[in-house]
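A.B. asks: return atomic coordinates for the entry below.
(one chain, ligands or ions: 1)
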Amino acid sequence: MTTIHITRKIETMFKSHGENDYPHECCGFILGHFEENQSFGVEYLPATNVKEENRERRFLIDPQAYQIAEDEADDKGLSVISIVHSHPDHPHKPSDFDRDHAWPGFSYIIISVQKGTAVSYRSWQLNQNREQFIKENIQIVEEKK
Ligand SMILES: [Zn+2]
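C.D. replies: Numbers count the residues shown, from 1 in each chain. Below you'll find the predicted structure:
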């Protein structure tokens, strides 16, 4: 099983992003680095949900937003390690749509936002044959003051 390490600040940021964009889905990126079966998040980069319709149930990341995230990561010597999105009034489980639009090797963090409050989240990775998502451990790193 893989593990993603994120800071408390990243967690706070994506949860409030999901709450602020409710009842629409939010999406964003976590920049960081990979180390064997683990990844380490350094910062959260919010993206804009550009889907015109049905933003409650779908998210679409503008290829340009993805490029911006990649460039920003490159500038800092980091990689995009995770794509984060919210499920307004739905559980933190990936949908078939999510599976069909995911790539192996990234962490997909899904936040369940119920009535405007981020109640839970989980990280998933698509398996190599792209048939199913596998749960991933999330480790919260407390930042040094
Ligand atoms: Zn989804």
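A.B. asks: got phi/psi on the residue nearest the centre of the chain?
C.D. replies: Nearest to the mean C-alpha position of the chain, by CA atoms, centre = their mean, lies Val84 at 1.5 Å. The phi and psi values for Val84, taken as degrees, to the nearest 10, are phi -110, psi 140.
A.B. asks: burial count for whichever residue of the chain sits closest to the ion?
C.D. replies: Across the chain, the shortest distance to the ion (CB to the ion) belongs to Asp98, at 4.1 Å. C-beta coordinates here come from the backbone N, C-alpha and C atoms, glycine included. Using other CB atoms under 10 Å, Asp98 is surrounded by 19 other residues.
A.B. asks: ok, back up a step: surely the residue nearest to the centre of the chain meets Lys15?
C.D. replies: No. Using CB atoms under 8 Å, Val84 is not in contact with Lys15, being 9.8 Å away.
A.B. asks: pull up the overlap in contacts between those two.
C.D. replies: Between them, Val84 and Lys15 share these contacting residues under CB atoms under 8 Å, 6 or more residues apart in numbering: Ile111.
A.B. asks: how about the strands in this protein?
C.D. replies: 3-7, 27-35, 38-47, 79-88, 107-114, 117-126, 133-141 (DSSP state E).
A.B. asks: now those as CSV including distance to the ion?
C.D. replies: Converted to CSV, the strands of the chain look like this (distance: least, CB to the ion, whole Å):
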stretch, distance to the ion
strand 3-7, 17
strand 27-35, 9
strand 38-47, 14
strand 79-88, 5
strand 107-114, 6
strand 117-126, 10
strand 133-141, 10
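A.B. asks: now do the same contact list for the residue nearest to Pro23 when sequence neighbours are not counted.
C.D. replies: Spatial nearest neighbour of Pro23, excluding adjacent residues (CB to CB, 6 or more residues apart in numbering): Pro88 at 4.8 Å. Neighbouring residues of Pro88 by CB under 8 Å, 6+ apart: 22-25, 56, 113.
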